[in-house]
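*Asks:* return a 3D structure for these sequence lines:
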Amino acid sequence: MLRIIRTTTLATLRADLATAEADATVMSEKATRWHGLYEEESGRVADAVIREGDTRAELEEARAEVEKLREELARAEGELTVLRAQHLLDTEDRATLRALLRTARKQRADRVFALFRRGALHSIHATHEAAEAAAEAEGAPREGWTTVAPGAALPPASEVDWRVQPLPLGGV
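*Replies:* Okay, here's the model as predicted:
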């Protein structure tokens, strides 16, 4: 079946078709641009997510490092406290040693007897017997004191609980 269309209607339909095709072309170009922007923004978001993951990992590493540094600081502060206390003891020991040496010099002694405990100086005494008595007062056994022959090698100080060693006084 055939349909008869008027010329003006046909011209209007063709004009509408041309307008619709032009609008479709414009819409297609806009869609292409929007798709490009979407792809670009998707890439930026993906990069941001990756950077965020890296930043979190770096943050956790930094927190672990800070914790390790805090532990080291606490350990160093503890060591400093111990060293300060040891310094005070060393100062007291030196003062006591000076006083004992002055006393020994006044008595015109030619030697003093140093009492060592596990290699560390414990005290200074005017006689060997006084040094042994001081060690026994600190818990050393009454028996078991030995004498090392002159010129013989002494056992390592760390291996001997208590040791009395004569020290000559200079300048007397």
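*Asks:* contacts, neighbours, all on C-alpha from now
*Replies:* Will do.
*Asks:* okay, and for the protein, where does confidence drop off?
*Replies:* Under the criterion pLDDT under 70, the flagged ranges of the chain are 1-2, 89, 104-109, 144-150, 157, 170-172.
*Asks:* domain ranges for it, per the record?
*Replies:* Here the chain is described, according to automatic domain parsing, as comprising the domains 8-106, 110-146+157-172.
*Asks:* quick one: the last one to chain centroid distance?
*Replies:* In this case it means domain 110-146+157-172. Counting by CA atoms, centre = their mean, to the nearest Å, domain 110-146+157-172 is centred 41 Å from the centre of its parent chain.
*Asks:* stretch 17-28 too?
*Replies:* Its chain's average C-alpha position is 71 Å from that of stretch 17-28, according to CA atoms, centre = their mean.
*Asks:* got the contact list for the closest residue in space to Val160 that isn't next to it in sequence?
*Replies:* Nearest non-adjacent residue to Val160, counting by CA to CA, 6 or more residues apart in numbering: Arg118, 5.6 Å away. Contact analysis of Arg118 by CA atoms under 8 Å, 6 or more residues apart in numbering lists 157-163.
*Asks:* if we can go back for a sec, which of the domains of the chain sits most buried?
*Replies:* domain 110-146+157-172 (a mean of 16; mean count of other CA atoms under 10 Å).
*Asks:* part of a strand, is Phe116?
*Replies:* Yes - counting by DSSP: H, G, I helix; E, B strand; the rest coil, Phe116 falls inside a strand.
*Asks:* tell me the spacing between it and Glu132.
*Replies:* Taking CA to CA, to the nearest Å as the measure, Phe116 falls 11 Å from Glu132.
*Asks:* what is in contact with the two at once?
*Replies:* Common contacts of Phe116 and Glu132 (CA under 8 Å, 6+ apart): Val164.
*Asks:* now the longest helix along the chain: how far from the chain's centre is it?
*Replies:* In the chain, taking DSSP state H as the definition, the longest helix is helix 7-106. Counting by CA atoms, centre = their mean, helix 7-106 is centred 22 Å from the centre of its parent chain.
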